[in-house]
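> need coordinates for the below:
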Amino acid sequence: QAQLAQSGGGLVQPGESLKLSCSLSGFTLFDYAIAWFRQAPGKERERVSCISMKEGKTFDTDIAKGRFTISGDNARNTVYLQMNNLDPEDTAVYYCAASPGYCHYNEGAYELWGQGTQVTVSS
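Residues are numbered from 1 along each chain as shown. Coordinates of the predicted model:
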């Protein structure tokens, strides 16, 4: 059974860092693009970053540029999101999601979703 299992997240102070993990089971990272989305209270879900191991490319939105780094480990079948210099506006539930082969901007293209993990940035 194909699954995405997330780990990481938690409560940090502004300026600190967190690393989220998304572990794939039942399918291979190389065959799927993995994106990170987030949803803050009262707001729509938005894409943060995406990685396609097949293309060897990453795609960052303005949210991620300069602060967040997405990476993948084929051997561990895991994707990571390193988040640095976190701001209270980054507080949200973060989700990883899988799309066959390639990154898509439209979240409807993502077939499988992780369970979500809370990230709270507060002093």
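> for the chain, what helix or strand is lowest in average pLDDT?
Among the secondary structure pieces of the chain, namely its helices and strands, strand 57-60 has the lowest mean (mean pLDDT, DSSP states H and E), a mean of 91.
> what's that strand packed up against?
strand 46-52, strand 68-73 (3 or more C-beta pairs under 8 Å, 6 or more residues apart in numbering; DSSP states H and E). No exception for glycine: its C-beta is placed from N, CA and C like everyone else's.
> what pairs with the last one, parallel or antiparallel?
Here strand 68-73 has these sheet partners by DSSP bridges: strand 78-83 (antiparallel).
> for Gly26, give me its contacts.
If you count contacts by C-beta atoms under 8 Å, 6 or more residues apart in numbering, Gly26 has them with Gln1, Ala2, Gln3.
> need the per-residue pLDDT for the residue nearest to the first one when sequence neighbours are not counted.
When the adjacent residues along the chain are set aside, Gln1 lies closest to Gly26, with 5.3 Å between them (C-beta to C-beta, 6 or more residues apart in numbering). As summarised for this prediction, Gly26 has a pLDDT of 90.
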